[in-house]
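Trainee: Everything below, folded, please.
(chains A and B)
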Amino acid sequence: MTPVLEIKDLKTYFKTPRGVAKAVDGVSFSIPKGGTFALVGESGCGKSMTALSVIQLVPEPAGYIAGGRVLLNGRDITGLTEREKRGIRGNNISMIFQEPMTSLNPVLTIGEQIIEAITLHQGKTRKEAREAAIEMLGRVRLPDPAALLFAYPHSLSGGMRQRVMIAIALSCRPDLLIADEPTTALDVTIQAQIIDLIDELKRETSTAVLLITHNMALVYTHAETVGVMYAGKIVELAPAKTLFRNPMHPYTVKLLRSIPGQEKRGLKLDTIPGVVPSATSYPVGCRFSGRCPREMEGCAVIEPPLVERVGGHSVACHLHDAEFMSGPYSRPLRHEPDALPPLIVPHGEREALLEVKGLKTHYPIRKGLFKRVAGHLKAVDGIDLTVKKGSTLALVGESGCGKTTAGKSIIQLIRPTEGRIIFKGADLTTLSEKGLKPFRSRMQIIFQDPYSSLNPRLTVKETIEEGIKALNPGLAKKAREEKIARTLDRVGLGPEAMLRYPHEFSGGQRQRVGIARALAVDPEFIVCDEAVSALDVSVQAQILNLLKSIQRDFGLSFLFITHDLGVVEYIADEVAVMYEGRIVEQGPTEEIFSNPKDAYTKRLLEAVPKIDASLLSAWRLPGDH
Amino acid sequence: MPVILATDLIIFFLVGAIVYFIIASQKDGSLQAVRRELVKNRLAMVCMAFLAFYVAVALLDSVRYRDAVVGDDGKEALSEGGSVIYSPEALSLLDRALSGIRTRTEKTYSAPFASHSYAKESMEGASGGIVRGYPPLKYPRTHWLGTDRVGNDVLFIALKGVRTGVVIGAGTTLVIIPFAIFFGVIAGFYGGAIDDIVQYIYTTLSSIPGVLLIVAFMLLFGSSGYQGGLVSEVHVVWRAFVLNDRLFWLCLILGITSWTDLCRLIRGETLKLRELEYVQASKAFGAGKLGIIYRHIVPNVMHLVLITFVLQFSGLVLAEAILSYIGIGVGPETGSWGNMINTARLELSREPVVWWNLLAAFAAMFALVLPANIFGDAVRDALDPRLRYK
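Mentor: As a prediction, the model looks like this:
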């Protein structure tokens, strides 16, 4: 049987001022009818560009398909005219995107958008299309579909919008559905529903699915075949269960081992040194050379082809090539030890550093000409927390539950409405801005977005200097510079970073700068507001290792605000689960995770896709013991 | 005896700022980087040469003094009180340097490089009779851009327009920028009642038709001001200063009516910036509000200021032309491109068409506005560290 989609040696290049960027550089795979193929890898590896090449939407004029074929039901679609391509999009291939908030047009009703898609592609009358639309909305489990046709996107939640997107995408019964990070922007509980829905509809209509994601657990639970992409190429291609049982490429192994989880508590996470090479200047040989823990003499010169090794498991690595291994170039250049070093933070009963009692933060809602207060938005509605010295308290919950407001209220970035915050014997809520000043250096914050958390017009030195100048104005210039250099060194950046601007750094390095900024004023308590959520898993592992080690060295306490339960399991000593402004459950991490009591906590924990724990110990590089 | 107009101070300020930047960029690290970036951009350097020429002409045209009246005896004439009498004509350095073409006037129109007048005249023929023909010019083939209706050299008039153009562009901007940045930033940053008040002010201001406001203002203040040409003792204060300068009032009112757009943009950008995490981080250090505004807000709205300035610059020069056309712009004796375009209206409708006056004004404006646009873009890019090292 012809596969629905077959890609042969696809090359998508971009013309840039610095040369040709080979975003996709010789990718081949196929998806059978009703199959799910997952493309995984870090950002910048060419996953999304592969998808855009399939649907023939490569950003022009800079980007172009430089070679290879895309066969849809056996027919090459790369050479089609723009008109023919339009006929294929929507009819044969549909796509759903990451951001449900921006992928629907806000000024058109749901009905108008879905009916437009149906009439455009299926030549139905408006009446037939209307009925088909109601049926589709029902099938994606949206309540009262007939009424929903007249609703505007803003009145729907993110999860509902993503359902509408799926309804539109599937309304024309496409042969292939491309889902580009379909759940990344959604809350954990919604994520599971959406991915299950895609699965179910796929089974009903036997649509093939190309799933693009960086979430390994999602791939494990929902994909049949997996392609691991690195620097524009597929480096490992295997059935999902086989890949997770026996990953063969060092990149895959490293990637899997860098995922944080409960079983790695107290250990250092595995990381990949360096960064993904720029698409304009790949290494000559294996593209992973230079970062690979098993690099051999020939790796940087001879490029390994993607070859099937065992039962449908293909891998592009010399380690699995018996001929190469017996040849003259197989002398290992490095052999990193397999066992992860412990990174233990000693545990035991500790005294409280910070106590939050009955904290409430309400925002007034003003209405009318004179802006009278018409009501209150109760973002945080009475929470109690205790942060212990040298330990980590995780605050988890879905978006909009008030966890960020709680974090900012605690360090007095937002003044709370009610409640007490006892820090070193003082109630912070009663202090004036001036009275707070001595406490400012004791409490710091690290933000989520490594791009908006640094002023683009200040050098790293100026950024870090600001805090020292504000809180320790007596420090001489020389001492200040020494301190900055020392702090940068502590977070793994050299002193040459001082005079550089934020845009010259990668996301992970920027996050290090953010940590250095907080660390430079010698805090005792740091609020980490989704501090690792925007990072790729291997970079996230580096930052988590860094946070752990500075906690150990300086005896810091963290309030770790996150929605990523894997991170919580790995790093937190205690967990507080927040829902609609209140804390529904709190306690030691192991206890909450193994025996949740609250219904919401249970729902939250069940929703997280998980990789079978028995597989974790099997992830070994060739030659490991 | 020097004569210093209020608008001269604008030019001096502009030149001072340029000199300050050049000196400061020798020492300061970040300004040095900006300068290096600019020097690397060849197109920007060409544009800067154009702009430098304009500023130099404007500066030469802004340094002026009155000569003492010389009596028949060759000595300086003295008044009854024994003080020296100065001529009412204040000639600038530019006037004096170009006294050649300034004084070489013809009777009326002549085309560029012409040897004969453009209009027929009755004149004495070789045989003594009266014939109609094109009379020869007094200074044939010396007027590069021809002469205007009263025989003045058009090139000289176009050069005299440079100062007016630069003053309008720079002076108005000097009014706009402090207003717009100050009000925009405090409205966006503090919000609440301050935001409401600022919004009420600029909404009110922009709901009054701009032309109406300008006419009223100019009739109120500008009509008694110095309009160019001879300096009357009425206008001189403290012996050398002419503060009641019509062009200055024009800059002021153009500034007052056009700061609202930029202010609105800056307020919006500030609203966005104040929520950004680096501002929050700064607050977590207990940094003062003014410090945050100075370090984090203002540098990140400067690109808006530059873009608006560059876009408005050409509009302002045109506004000057339009206002001169309806008679409330600069005085008829001040050389300005607006006045040139204004007179060209009639010249284009006569037969044969006199085209060089309009062409000269157009070319002079074009050679200022286009380089100002390109240079403005280059400065914006040079100020943005994200665009460096590429």
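
Trainee: If I look at whichever residue of the stretch 251-400 of chain A sits closest to chain B, what pLDDT would I see?
Mentor: Closest to chain B within the stretch 251-400 of chain A is residue A:371: 8.3 Å, counting by C-beta to the nearest C-beta. Yep, even glycine has a C-beta here, placed from its N, CA and C like the rest. pLDDT, residue A:371: 72.

Trainee: And it, how far from residue A:234?
Mentor: Residue A:371 is 58 Å from residue A:234, where distance means C-beta to C-beta, to the nearest Å.

Trainee: more crowded one of the two?
Mentor: residue A:234 (26 against 12; other C-beta atoms under 10 Å in any protein chain shown).

Trainee: could I get the helix or strand containing the more buried one in PDB with only the CA atoms?
Mentor: Assessed by DSSP states H and E, residue A:234 sits inside strand A:233-239. The C-alpha trace of strand A:233-239 is given here as PDB (Å, rounded to 0.1, in the frame of the first residue of the first chain):
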ATOM      1  CA  LYS A 233      18.900  15.700   9.600                       C
ATOM      2  CA  ILE A 234      17.100  12.700  11.000                       C
ATOM      3  CA  VAL A 235      19.700  10.900  13.200                       C
ATOM      4  CA  GLU A 236      17.500   8.100  14.500                       C
ATOM      5  CA  LEU A 237      14.300   6.600  13.100                       C
ATOM      6  CA  ALA A 238      12.500   3.800  14.900                       C
ATOM      7  CA  PRO A 239       9.100   2.500  16.100                       C
END
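
Trainee: Return the set of buried residues in whichever helix or strand comes after it.
Mentor: Sequence order places helix A:240-245 as the next helix or strand after strand A:233-239, per DSSP H and E. If you call a residue buried by 16 or more other C-beta atoms under 10 Å in any protein chain shown, then helix A:240-245 has these buried ones: A:240, A:242-244.

Trainee: would you turn those residues into a markdown table with pLDDT?
Mentor: Output for the buried residues of helix A:240-245, formatted as a markdown table (pLDDT from 0 to 100):
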| residue | pLDDT |
| --- | --- |
| A:240 | 92 |
| A:242 | 91 |
| A:243 | 92 |
| A:244 | 91 |
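
Trainee: quick one: buried residues of stretch A:385-396?
Mentor: A:385-388, A:390-396.

Trainee: ok, now which ones touch the closest residue to chain A within the stretch 51-200 of chain B?
Mentor: The stretch 51-200 of chain B approaches chain A most closely through residue B:196 (8.3 Å), counting by C-beta to the nearest C-beta. Shown here is residue B:196, which makes no contacts under the criterion C-beta atoms under 8 Å, 6 or more residues apart in numbering or on different chains.

Trainee: Same check on residue A:69?
Mentor: Applying C-beta under 8 Å, 6+ apart, the residues near residue A:69 are A:6-10, A:76, A:78.

Trainee: Kindly format the C-alpha coordinates of the helix or strand harbouring it as PDB.
Mentor: Element membership for residue A:69, per DSSP H and E: strand A:63-72. Extracted C-alpha coordinates of strand A:63-72, given in PDB (Å, rounded to 0.1, in the frame of the first residue of the first chain):
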ATOM      1  CA  GLY A  63      13.300  29.900   1.700                       C
ATOM      2  CA  TYR A  64      13.100  27.400  -1.100                       C
ATOM      3  CA  ILE A  65      13.000  23.600  -1.500                       C
ATOM      4  CA  ALA A  66      16.400  22.800  -2.800                       C
ATOM      5  CA  GLY A  67      15.900  19.100  -3.600                       C
ATOM      6  CA  GLY A  68      14.000  16.000  -2.800                       C
ATOM      7  CA  ARG A  69      10.400  14.900  -3.200                       C
ATOM      8  CA  VAL A  70       7.300  15.100  -1.200                       C
ATOM      9  CA  LEU A  71       4.900  12.400  -2.300                       C
ATOM     10  CA  LEU A  72       1.300  12.600  -1.100                       C
END
